[in-house]
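S.K.: Fold the following for me, if possible:
(one chain, ligands or ions: 2)
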Amino acid sequence: MNEQARIIDNYIDGEWTAPLSGKRLPSINPANKREVVGEVPDSIDADLENAVAAAEAARVPWRKLTGAQRGALLFKAADLLEARQEEIGRMMTREMGKTLPEAKGETVRGAAILRYYAGEGMRKVGDVIPSTDAEALMFTTRVPLGVVGVISPWNFPVAIPVWKMAPALIYGNTVIWKPATETAVTAALVMQCFHDAGFPAGAVNMIVGSGSVIGSGIASHNGVHGVTFTGSNAVGKRVGQAALARGAKYQLEMGGKNPVIVAADADLELAAEATISGGLRSTGQKCTATSRVIVVSDVYEAFREKLVAKVAELRVGDGLQEGTWLGPCANESQLNTVMSYIGKGKEEGARLLVGGERPNQPELSNGFYVTPAVFDDVKPDMAIAKDEIFGPVLSLIRVDSLEEAIQVANDTEYGLSASIYTRNIGNLLTFVQDMEAGLVRVNAETAGVELQAPFGGMKQSSSHSREQGQAAIEFFTSIKTVFIKP
Ligand SMILES: NC(=O)C1=CN([C@@H]2O[C@H](COP(=O)(O)OP(=O)(O)OC[C@H]3O[C@@H](n4cnc5c(N)ncnc54)[C@H](O)[C@@H]3O)[C@@H](O)[C@H]2O)C=CC1
Ligand SMILES: O=C(O)CCC(=O)C(=O)O
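M.R.: Ligands and ions are numbered 1, 2, ... in the order given. Next up is the predicted model:
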């Protein structure tokens, strides 16, 4: 990697390697589309072949290290990531727009994830099970899948790939990582931490290129034994089908249309703050972002007034500038999607109360900015209430009772995260029991994933698998049942 010019290479077999196509794609600053942050590889199948060969050659020696030895490398990578949080955070902000405090926070979170999984190298991997044969010893152990493909999106350029790569590596797999091209310079800085930590050649590799060539190539390559993906539903399904067709293991983490329910007894101040933080931080570009705000009629007007007043105060701007609360959309196509949903919302009869416009300050004119929007009078069958927008758009939906609130909240093809604001124990227990989501949160925003707990969705939000915490071992290993007789 050339640090000065930010010309990024692939990382294969322990070395930075130029793409065989000789071609690179620009990585653009969404706060200023004239600023090219880096030139990143536009790789071809032959680059992927080299990475698969390197990961395959490394896989037995890597598996044969002890968990403690692998863990020591993860601890080193964590220290480097943490020490470089300023540089990595700034690059993340320049590549995808989230504010610098969020970007640095995410980098530190990456270090915490690496440390958590470093410790996993010393924990138990199986159980002793009584055999029906009195002389035999029967137990389970776990073995790595082999070569794991990691396909990651641009919205969490550090945390998501790290929460996939760290468990893959600690359990003895080798890795081929395809980051999103939009954030591939940040990815290269992460990769440099693994390199500097001293991982053996081939244990972890990075190939940058288009999804249709490199992403799809990983999903369908017979030399890749497991594929873990986070991104859109449309692509996730294709990845899953390609892996299934050749008998590989796969894990998909996809969209959400996450509701917050505001009950009649809610602390409205807290609920409004959490709706804003959960829905609009990172410019609404989280799969756990709040987008449907379901409010019981007793407090509807009072809550709406608080919410709109607070949203109107949020400062949109360059994520590197102090005081910016909300950066631009990550890329032009994301901005176009958001603007088209704002148009659809108006056409379908919802009332735009605030935001939803391109800001008119001259200093923002070259960025992919949109002011945070709140729609009123949203009906559950409108597009803005059904589709994942992945932008700073909140939809207020009025209901008459908690029962109706939960029914509306569940009326979606997604089931990732949901939250409720209430102080009534009956309400919260009903919500916890009846809500169809992988993550349910009471008096807390819908976003906010803890690395030591399982994370994943129901319905179309995931392949029904879970990531993070102890759950990760289920994907990244296979159980082997051992029966031994003297
Ligand atoms: N669940 C989540 O965290 C995310 C959801 N999204 C959703 O997806 C929408 C579009 O965003 P995109 O960046 O276009 O997401 P995407 O699903 O196209 O991209 C995610 C990753 O998959 C790769 N990819 C693309 N096409 C592929 C293919 N045919 N085979 C294998 N890999 C492929 C991409 O290069 C990237 O690394 C967003 O508006 C949002 O709704 C996007 C990013 C993250
Ligand atoms: O809310 C978070 O911290 C993680 C969200 C996430 O996984 C995503 O947006 O893809």
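S.K.: what residues does the stretch 351-486 of the chain put near ligand 2?
M.R.: For the stretch 351-486 of the chain, the residues in contact with ligand 2 (C-beta under 6 Å from any ligand atom) are 447-449. Using the backbone N, CA and C atoms, a C-beta is placed for each residue, glycine as well.
S.K.: From residue 216, how far out is residue 339?
M.R.: Residue 339 sits at a distance of 29 Å from residue 216 (criterion: C-beta to C-beta, to the nearest Å).
S.K.: brain fart, residue 60
M.R.: For residue 60 relative to residue 216 (C-beta to C-beta), the value is 28 Å.
S.K.: Same check on residue 477?
M.R.: 26 Å.
S.K.: quick one, which of those two is more surrounded?
M.R.: The neighbour comparison of residue 477 against residue 216 (other C-beta atoms under 10 Å) goes to residue 477, with 22 against 17.
S.K.: Could you give the bridge partners of the more buried one?
M.R.: Residue 477 has these beta-bridge partners by DSSP bridges: residue 144.
S.K.: okay, it: pLDDT?
M.R.: Note for residue 477: predicted pLDDT of 98.
S.K.: thought residue 137 was touching residue 484?
M.R.: Yes - with contact defined as C-beta atoms under 8 Å, residue 137 counts as touching residue 484 (4.7 Å).
S.K.: Please say which of these two ends up with more neighbours.
M.R.: A direct count of neighbours by other C-beta under 10 Å for residue 137 and residue 484 places residue 137 higher, at 14 against 10.
S.K.: ok, now which ones touch residue 400?
M.R.: Contact analysis of residue 400 by C-beta atoms under 8 Å, 6 or more residues apart in numbering lists 296-297.
S.K.: Show me what the spatially closest residue to residue 11 that is not a sequence neighbour is bridged to.
M.R.: Leaving aside its chain neighbours, residue 11 sits nearest to residue 206 (4.2 Å; criterion: C-beta to C-beta, 6 or more residues apart in numbering). For residue 206, the beta-bridge partners are residue 11, residue 177 (DSSP bridges).
S.K.: give me every residue that touches residue 206.
M.R.: Counted by C-beta under 8 Å, 6+ apart, residue 206 has contacts 10-12, 176-179, 187-188, 191.
S.K.: how about a cut-off of 6 Å?
M.R.: Contact analysis of residue 206 by C-beta atoms under 6 Å, 6 or more residues apart in numbering lists 11, 177, 191.
S.K.: Go through the residues you listed and say which is closest to ligand 2.
M.R.: Taking C-beta to the nearest ligand atom as the measure, ligand 2 lies nearest residue 177 of those, at 15.8 Å.
S.K.: How about the residue of the stretch 51-200 of the chain found nearest ligand 2: what's its closest non-neighbour residue?
M.R.: For the stretch 51-200 of the chain and ligand 2, the shortest gap (C-beta to the nearest ligand atom) falls at residue 155, measuring 5.1 Å. Leaving aside its sequence neighbours, residue 155 sits nearest to residue 285 (C-beta to C-beta, 6+ apart; 4.7 Å).
S.K.: Now for the one you found, how many residues are close by?
M.R.: Residue 285 - counted by other C-beta under 10 Å - has 24 other residues nearby.
S.K.: now it: how far from residue 188?
M.R.: 21 Å.
S.K.: what number of residues lie near residue 348?
M.R.: Counted with other C-beta under 10 Å, residue 348 comes out at 16.
S.K.: Residue 381 now?
M.R.: 9.
S.K.: State the pLDDT value of the residue minimising distance to the centre of the chain.
M.R.: The chain has residue 160 as the residue nearest its centroid, 4.7 Å off, counting by C-alpha atoms, centre = their mean. In this prediction, residue 160 carries a pLDDT score of 98.
S.K.: and the helix or strand containing it, C-alpha only, in PDB?
M.R.: According to DSSP states H and E, residue 160 maps onto helix 159-170. Output of helix 159-170 as PDB, limited to C-alpha atoms (Å, rounded to 0.1, in the frame of the first residue of the first chain):
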ATOM      1  CA  ALA A 159     -16.600  -3.600  13.000                       C
ATOM      2  CA  ILE A 160     -18.500  -5.900  10.600                       C
ATOM      3  CA  PRO A 161     -15.400  -7.500   8.800                       C
ATOM      4  CA  VAL A 162     -13.600  -7.700  12.200                       C
ATOM      5  CA  TRP A 163     -16.600  -9.500  13.800                       C
ATOM      6  CA  LYS A 164     -16.400 -12.000  10.900                       C
ATOM      7  CA  MET A 165     -12.700 -12.400  10.600                       C
ATOM      8  CA  ALA A 166     -11.800 -12.600  14.300                       C
ATOM      9  CA  PRO A 167     -13.900 -15.700  15.000                       C
ATOM     10  CA  ALA A 168     -13.000 -17.200  11.600                       C
ATOM     11  CA  LEU A 169      -9.300 -16.900  12.400                       C
ATOM     12  CA  ILE A 170      -9.400 -17.900  16.100                       C
END
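S.K.: Nearest residue to the closest residue to ligand 1 within the stretch 301-450 of the chain in space, please, no chain neighbours.
M.R.: Nearest residue of the stretch 301-450 of the chain to ligand 1 (C-beta to the nearest ligand atom) works out as residue 390 at 3.7 Å. Excluding the flanking residues, the one nearest residue 390 by C-beta to C-beta, 6+ apart is residue 285, at 5.3 Å.
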